[in-house]
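>>> predicted model and sequence below, questions to follow.
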Amino acid sequence: MSKFKKKKKGMPAVNTASLPDIVFMLLFFFMVTTTMRETDLVIDTPRLPSATEVKKLEHKSLVSTIYVGKPKDVKYGTSFNRIQLNDKIATPEDIPAFIYNERSKRAEEEVPYMTTSIKADRESNVGVITDIRLKLRDVNALKISYSAAKSSDY
Amino acid sequence: MARRENPEINAGSMADIAFLLLIFFLVTTTMNVDSGVSKKLSEKPPPNYEPPIIKERNIFEVNINRKNELLVEKERMELKDLKAAAVKFIDNGGGIGKPGEDGTPGTACDYCQGERLETSSDHPNKAVISVQSDRGTEYGTYIAVQNELLKAYRELRDRLCRERYNMSFTELEEAYKDDKNNEDLKKKVEDIKISYPQIISDAEPTSAE
């Protein structure tokens, strides 16, 4: 019966054939959840002010963002008060057009829920924020959010 | 020469490639949640709109100058003292509140614990906080001031909510957010919000230029 006598093996190796599958699964998860930033910042990334009474912005698709800060390119000056809409440096006069453009991308019934998020550097001046606010009020975009980092000072 | 079988492609390094991609996406993914101080702007007034006359005692004036210094009710103040001053003002309850929309006369604030001074606000729903800043004020300071004022409201709402419903307003809001259809919770949230409405207005900024 030596025919059936098998050679004694050592520990069998763990089967790693499904490892790529697991890794792929994770990979797809991250690929799907990653959102590439759709606008390139032409201003330095604003150093957001911090606050404790912040609320999360829900419905990201309904948020349009206005950046305020110091432009990277010195030809626009070195103050912290330049406004960026989409990919360009803009003036407050361009804001109504920007808002109308953002609205046209959404369904009409969603328009009242649209929020404008102002991402301004903490060294920006209130003057420019006021200009933005007045322009937003002119076009009835009344929900705004001053972007701020959540801090806990308790 | 013996004919060989088609050799299988070695897939052993597949995992490595996938790992490489995985690590790339792990590093580039930012799961940042946008958060901010939310604010509702008032609607644009019609051209011949006359602002309602508000009694001096019902306005809490906060001025921020271009050097980021605070002037509260015509006195200099540090940022850290602003919350206490705002709480004192809102919670004063020295008179009767706004008449209801259905014409019911206003009532005195029976939940306020303030000093009921003649010189401070009548009722939380009449108390207006007016923030005036200079065009040159730094945005960071402006947000810090707004934050302190919101904190004052939060403190008052929390206190009232504890008295009435035995939980903080934050917890109540969380509970309502998890269960949007709960009429009972909705009523409670509305009740607290109406008792201490947030009335913070931004005055036209001054400019030194």
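Cool, the structure landed. Residues are numbered from 1 along each chain as shown, chains lettered A, B, ... in the order given.
>>> what about the lengthiest helix in chain B and chain A, touching?
When chain B is parsed with DSSP state H, its longest helix is helix B:139-165. Yes - against chain A, helix B:139-165 shows contacts by C-beta under 8 Å from any C-beta of the partner chain at B:139-140, B:142-144, B:146-147, B:150-151, B:154. Glycine gets a C-beta too; all of them are placed from N, C-alpha and C.
>>> so where's the chain shaky on pLDDT?
Just going to use chain A. Along chain A, segments meeting pLDDT under 70 span A:1-9, A:35-38, A:153-154.
>>> that was the other one, I meant chain B.
For chain B (pLDDT under 70), the answer is B:1-4, B:30-33, B:100-104, B:208-209.
>>> where exactly do the strands run in it?
B:35-40, B:59-64, B:70-72, B:75-77, B:128-133, B:200-202 (DSSP state E).
>>> center of chain B - which residue?
Among the residues of chain B, the one closest to the centroid is B:Leu150, at 4.7 Å (C-alpha atoms, centre = their mean).
>>> how about that one, what does it touch?
Going by C-beta atoms under 8 Å, 6 or more residues apart in numbering or on different chains, B:Leu150 touches A:51, A:53, B:37, B:198, B:200.
>>> and for the last one, nearest residue in space, chain neighbours not counted?
In this structure, B:Ile200 finds its nearest non-sequential neighbour in B:Ile129, 4.8 Å apart by C-beta to C-beta, 6 or more residues apart in numbering or on different chains.
>>> quick one: which helix or strand includes the spatially closest residue to B:Leu22 that is not a sequence neighbour?
Spatial nearest neighbour of B:Leu22, excluding adjacent residues (C-beta to C-beta, 6+ apart): A:Leu27 at 4.6 Å. Using DSSP states H and E, A:Leu27 maps to helix A:19-33.
>>> one more: A:Gly127?
Assigned by DSSP H and E, A:Gly127 falls in helix A:126-138.
>>> now do the buried residues in that helix.
A:126-133, A:135-137 (16 or more other C-beta atoms under 10 Å in any protein chain shown).
>>> show me which of these neighbour chain B.
Within those, those near chain B by C-beta under 8 Å from any C-beta are A:126-127, A:129-130, A:133, A:136-137.
>>> roughly how far apart are A:Ala148 and B:Ile129?
19 Å (C-beta to C-beta, to the nearest Å).
>>> now B:Asn48
27 Å.
>>> next one: A:Ala107
In terms of C-beta to C-beta, A:Ala107 sits 36 Å off from B:Ile129.
>>> neighbour count for these two, which is higher?
For A:Ala107 versus B:Ile129, the count of surrounding residues by other C-beta atoms under 10 Å in any protein chain shown is larger for B:Ile129: 22 against 7.
>>> before we move on, back to that, can you pull the contacts of the residue nearest to B:Ile200?
B:59-60, B:62, B:86, B:89-90, B:149, B:199-201.
>>> is it true that B:Thr206 touches B:Gln132?
Yes - the pair B:Thr206 / B:Gln132 is scored as a contact, 6.7 Å apart, by C-beta atoms under 8 Å.
>>> quick one: end-to-end distance for stretch B:48-58.
Across stretch B:48-58, the terminal residues are separated by 24 Å (C-alpha to C-alpha, to the nearest Å).
>>> do stretch A:110-128 as well
28 Å.
>>> swap in stretch A:133-144?
9 Å.
>>> residues making contact with it?
A:92-93, A:95-96, A:99-100, A:113-118, B:38-44, B:202.
>>> just the buried ones from these?
Here, 16+ other C-beta under 10 Å leaves A:92, A:95, A:99, A:114-118, B:38-39, B:41, B:202 buried among those.
>>> restricted to helices, list those.
Filtering these for helices - DSSP H - leaves A:95, A:99.
>>> buried residues, stretch B:118-126. List them.
B:120-126.
>>> for those, which one is nearest chain A?
B:Pro124 (17.6 Å; C-beta to the nearest C-beta).
>>> my guess is the closest one meets B:Cys112, correct?
Yes - taking C-beta under 8 Å as the definition, B:Pro124 is a contact partner of B:Cys112 at 6.9 Å.
>>> shared neighbours of those two, anything?
With C-beta under 8 Å, 6+ apart as the test, B:Pro124 and B:Cys112 both reach B:91, B:93.
>>> closest to chain B among the buried residues of helix A:126-138?
Out of these, the member with the shortest distance to chain B (by C-beta to the nearest C-beta) is A:Gly127, at 3.1 Å.
>>> the closest one and B:Pro197, how far apart?
Taken as C-beta to C-beta, the span from A:Gly127 to B:Pro197 is 29 Å.
>>> next: B:Thr206.
Taking C-beta to C-beta, one finds B:Thr206 at 27 Å from B:Pro197.
>>> and what of A:Val126?
24 Å.
>>> which non-adjacent residue is nearest A:Leu57?
Closest to A:Leu57 by C-beta to C-beta, 6+ apart is B:Asp34, at 4.2 Å.
>>> who's in contact with that neighbour?
Contacts of B:Asp34 (C-beta under 8 Å, 6+ apart): A:56-57, A:60, A:63, A:117, A:145, A:147.
>>> among those, name the ones in strands.
Using DSSP E, the contacts of B:Asp34 in strands are A:56, A:63, A:117, A:145, A:147.
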